[in-house]
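# model this:
(chains A and B, ligands or ions: 1)
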Amino acid sequence: MENENHYIITAYTENQVGLLSTVAGMFTRRSINIDTLRVYPSGIPGVHKFVVKTTTTPDKVRSIALNMEKKVDVIKAFWYVDNEDIYKEVEDVTSYLKERENSINK
Amino acid sequence: MTENQKIKGSQILLETLIAEGVDTIFGYPGGSIMPVYDQMYDYGDRLRHILVRHEQGAIHAAQGYARAKGFPGTVIVTSGPGATNVITGVADAMVDSTPVVVIAGQVSTNLLGTDAFQETDLIGMTNPITKWSYQIRRPEDIAWAVSRAYYIASTGRPGPVVLDFTKDAQVGLAEYKYEKCRFIRSYVPVPSVSENEVEKIARLLDRSERPFVLYGQGIIHSGAEKELLAVLEKGDIPAGSTLLGLSVLPSDDPHFKGMLGMHGSIASNVMSQKADLILAVGMRFDDRVTGNLSTYCKYAKIIHIDIDPSEIGKNVPVDLGVVGDAKDVLGRLARRMARIERREWLESDRHCNEVEYEKVIVPETRPGQGTINPGEVVATVAEVSGNDAVILTDVGQNQMLGARYSRFIRSRSFISSGGLGTMGFGIPAAIGAKVAVPDRKVCLFVGDGGFQMTVQELGTIMQEQVGVKIVLLNNNWLGNVRQWQELFFGERYSQTRMVNPDFELLSQAYGIGHALVEKREDLRPAVERMFADDKPFILDVHITEENMVFPMVPPGKSVSEIMLNATEWYR
Ligand SMILES: Cc1ncc(C[n+]2csc(CCOP(=O)(O)OP(=O)(O)O)c2C)c(N)n1
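Have a look, this model is predicted:
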């Protein structure tokens, strides 16, 4: 299809049962294939990481990532064109979580 | 601690509901939720339970309650069929951003996954149509999960939450430890907006000659009615409302140009196409609002303010997207923007209104002779009720006419199933609304089709004596579909003719007051009689059978291509 590209979506999540099927459902609903999928502990204690490779249009990848992040148990989601470098994510998410925790006391 | 400081899970549930401020539950009992119902027996003085006649009625009633009151509606049902019966309403609440909490029984933990009697995978089924869904498997988790449910349902962009409550958690013992949920680290309900972003909106607005505001239900959720009006007044800016945004602005406010979209006003559709700047707030550019996207607002800069980041740029590319709370952003915008006079633009809809009045409104609401038109009925109800009833509609022609010809003087006065368009929403939603705001008049417009989809809830009305006024716009057709068949399917009326029961006998069976109106001169007295007291009433009006709703932007057309009737187009 026109405009299609290889993308990587990463999401940092709380460990809640059922998130995997929710994420998979977002792809099914838009009839997009998941090329590869990995779910594993992120390196941040208690936080899981999803890495999904997919081939789709810029609009759809954006929509999926934003809808993933909209799920209550998803902390942050990012999306990249496949050959972009992914770095600093863990630092970003860690400092984001610190900021969130601090905001309770305000 | 000792065993006797512990209480049953079902009691923890009810205590937590009370702590969260719940006063009313819409529900229906069954095997997997019986411990909760048993507990309710002792809580009758603190929690009102309304026994519906079908679980779909419970969820729609909870939706009506939530929308009238601004507080989440609560539903309790059993597992299996009880749970699947609420699913339509959950999907409806999701797309219409309605805060509801559904608590469904579930089989005991040890039976999960065994196809036990009345076991269904409710979490799996509702995941894509809820803001959050969670299975409670231990009594220790109940207070936490329930408080979290109300927090999630009611904050940010509101929505439905489903709690799947296993039977062993209901009967198990735990200490009641309640702490109100105010924070979830992975969930940011209200993103903050920088002063710089507000400044950017203000500058774009100040430079615009023909700004137009599109607003939706987000204004109601955020309580931003005053702030919206302040912005419109300061900049002489006209505005159009989505279906669910109706009643935010008083109908006679000079900035209000009517409803947007397919059956909206000519003025609001035409002005949105003529504008050089669109400021959209708390709405989501639904296809019923935008018509053909490739020609929609092509020459305007578009600013979109919404609390949900995934809405920005979803359907319409924007020049500036601002993710935040409408009240906050509009409040600051009103202070930052310049006072600019745009009288000429604000009043440039005169031609649109003259045409609409002459070609659509007069023939619909004042035909003078022949059968009664549905628009006439709506206009009469508006007049007699002093424009101050909470208006509900079902789905179809009754909905579009109810929206078009009702008039409003205060917010939270229009409740309808927008995004899902669920026939059968009307009767139960009206019950919920009246229970939520008993001091207000609550009036439903419903077609003969939708009326019969949830007609069983007349039993609920009878049992609870809920004083809803049901106006049955009876045309013996599935009118809305019939209209499309006439206009777009070569008058092939496939499966839209309905043979109806005697609604008077039906009303009598339920002990509900009834009047049948067939003649124009009987209409007004009957409406007056209906509003004379606070009892339930069914006003059965035999309306013009082949009436059609206009103006109409046909599907796939640009919103400025507007049919005035079956043969004429707006020019
Ligand atoms: C549950 C459901 N089924 C089908 C439809 C499709 N539909 C939309 S309007 C309509 C006709 C409604 O007829 P009626 O209730 O008599 O109202 P009228 O349009 O005549 O006012 C139908 C069938 C729907 N919106 N919802």
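# nearest spatial neighbour of the residue in the stretch 151-300 of chain B that the ligand sits nearest to, skipping sequence neighbours?
As assessed by Cβ to the nearest ligand atom, the ligand sits closest to B:H263 within the stretch 151-300 of chain B, at 11.5 Å. The C-beta positions use only the backbone N, C-alpha and C, and glycine is treated the same way. Counting by Cβ to Cβ, 6 or more residues apart in numbering or on different chains, the nearest residue to B:H263 once its immediate chain neighbours are dropped is B:M400, at 4.2 Å.
# I'd assumed the one you found was in a helix, is it?
Yes: assessed with DSSP: H, G, I helix; E, B strand; the rest coil, B:M400 lies in a helix.
# what about it, how many residues close to it?
Neighbour count of B:M400, defined by other Cβ atoms under 10 Å in any protein chain shown: 27.
# pretty sure it is touching B:S265, no?
No: using Cβ atoms under 8 Å, B:M400 makes no contact with B:S265, being 11.7 Å away.
# in chain A, what spans have low per-residue confidence?
A:1-2, A:105-106 (pLDDT under 70).
# ranges for the strands of it?
For chain A, applying DSSP state E gives strands covering A:5-14, A:34-41, A:47-56, A:74-81.
# Who are the contact partners of B:L458?
B:L458 makes contact with B:427, B:506-507, B:510, B:512 under the criterion Cβ atoms under 8 Å, 6 or more residues apart in numbering or on different chains.
# distance of the residue lying closest to B:P317 once chain neighbours are set aside from chain A?
Computed as Cβ to Cβ, 6+ apart, the closest residue to B:P317 that is not its neighbour in sequence is B:I302, at 7.3 Å. B:I302 sits 16 Å away from chain A, going by Cβ to the nearest Cβ, to the nearest Å.
# which phi and psi does B:I302 have?
Main-chain dihedrals, B:I302, degrees, to the nearest 10: phi -120, psi 120.
# right, and it touches B:N315 too?
No: B:I302 lies out of contact with B:N315 (Cβ under 8 Å); the separation is 10.8 Å.
# Give me the more crowded residue out of those two.
Between B:I302 and B:N315, B:I302 has the larger neighbour count (other Cβ under 10 Å), namely 21 against 15.
# what pLDDT does the more buried one get?
If you check B:I302, the pLDDT there is 98.
# Repeat that for B:V161.
98.
# three-state assignment of B:F285?
Here B:F285 is coil, with the state taken from three-state DSSP.
# In space, what's closest to it - neighbours in sequence excluded?
Among residues not flanking B:F285 along the chain, B:N315 sits closest, at 4.2 Å (Cβ to Cβ, 6+ apart).
# Look up which helix or strand that neighbour falls in, please.
B:N315 is part of no helix or strand when elements are defined by DSSP states H and E.
# The nearest residue to A:K60 once chain neighbours are set aside: what's it in contact with?
Nearest non-adjacent residue to A:K60, counting by Cβ to Cβ, 6+ apart: A:R30, 5.6 Å away. Applying Cβ under 8 Å, 6+ apart, we find A:R30 in contact with A:56, A:60, A:63-64.
# got a winner among the residues you listed for most neighbours?
In the contacts of A:R30, the most neighbours by other Cβ under 10 Å go to A:I64, 25 neighbours.
# Can you report how many residues neighbour residue 54?
You didn't pick a chain, so chain A it is. Once other Cβ under 10 Å is used to define contacts, A:T54 is seen to have 23 neighbours.
# ah, no, chain B please
20.
# hang on, the earlier thing: farthest pair in the contacts of A:R30?
Spanning the widest gap among the contacts of A:R30 are A:T56 and A:S63, at 9.5 Å by Cβ to Cβ.
# give me the residue from chain B nearest chain A.
Residue nearest to chain A within chain B (Cβ to the nearest Cβ): B:S310, separated by 3.8 Å.
# Quick check, that residue in contact with A:S63.
Yes: with contact defined as Cβ under 8 Å, B:S310 counts as touching A:S63 (6.8 Å).
# interface residues of chain B facing the ligand?
Within chain B, the positions adjacent to the ligand are B:394-398, B:421-424, B:447-450, B:473, B:475, B:477-481 by Cβ under 6 Å from any ligand atom.
# Of those residues, which belong to strands?
Short answer: those in strands (DSSP E) are B:447, B:473.
# Tell me how many other residues crowd B:Q463.
Count around B:Q463 with other Cβ under 10 Å applied: 13.
# Adding distance to the ligand, write the strands of chain A out as a markdown table.
Compiled in a markdown table, the strands of chain A are given as follows (distance: least, Cβ to the nearest ligand atom, whole Å):
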| stretch | distance to the ligand |
| --- | --- |
| strand A:5-14 | 35 |
| strand A:34-41 | 33 |
| strand A:47-56 | 31 |
| strand A:74-81 | 32 |
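# where's whatever residue of chain A ends up closest to the ligand relative to B:A382, distance?
Residue nearest to the ligand within chain A (Cβ to the nearest ligand atom): A:R29, separated by 20.7 Å. To B:A382, A:R29 is 41 Å away according to Cβ to Cβ, to the nearest Å.
# Please identify which of the two sits among more neighbours.
The neighbour count for A:R29 versus B:A382, taken as other Cβ under 10 Å, is higher for B:A382 (22 against 11).
# Confirm the more buried one sits in a helix?
Yes: counting by three-state DSSP, B:A382 is part of a helix.
# was I right about it contacting B:A403?
No: contact criterion Cβ under 8 Å: B:A382 and B:A403 do not qualify, at 11.6 Å.
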